[in-house]
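S.K.: My questions are about this predicted structure, shown below with the sequence.
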Amino acid sequence: MLTQQIANELDVNINKLERESLELYLRQKLREIDVQLFAFAKKYGVSNILEFDELVKRGKVHEESSFEDFFEFDNLEADRDKIIELLKEW
């Protein structure tokens with residue numbers, strides 16, 4: 001197993017290596033999601049999905065042109081929230 005080999009080579013406890021690796025992975029994913037959310041926020045001038053939804057409801061953003069962005073924004077926020085919860089448990 002590669003993880004065991006790396007732990008042996010670095011003289012690190014395998015559980016510590018796995019735990020720290022997972023935490024690093026989650027933090028990296030969170031940064032990637034934050035970058036994508038920032039791009040949507042900048043594109044539409046909003047800070048969250050509720051504000052985006054309000055723009056759509058008021059007709060400031062046309063649903064047809066922003067439909068995919070809306071759902072991607074929503075999914076990214078949900079993923080971000082899951083990762084934040086997982087990191088809180090760390």
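M.R.: Received it, and whenever you're ready, just let me know what you need.

S.K.: And for Phe70, the neighbour number?
M.R.: 18 (other CB atoms under 10 Å). Yep, even glycine has a C-beta here, placed from its N, CA and C like the rest.

S.K.: quick one: contacts for the closest residue to it other than its chain neighbours?
M.R.: Distances taken as CB to CB, 6 or more residues apart in numbering place Phe52 nearest to Phe70, at 6.0 Å, with adjacent residues excluded. The contact partners of Phe52, by CB atoms under 8 Å, 6 or more residues apart in numbering, come to 40, 44, 46, 61, 66, 70, 73.

S.K.: Can you tell me which of these end up in helices?
M.R.: Assignment to helices by DSSP state H places the following of the contacts of Phe52 there: 40, 44, 66, 70, 73.

S.K.: contacting residues around the third one?
M.R.: What it means is Ser66. Contacts of Ser66 (CB under 8 Å, 6+ apart): 44, 52, 56.

S.K.: Against Phe38, how distant is the first one?
M.R.: Spelled out, that is Tyr44. 11 Å (CB to CB, to the nearest Å).

S.K.: Kindly report the same for the second one.
M.R.: In this view, Phe52 and Phe38 are 13 Å apart by CB to CB.
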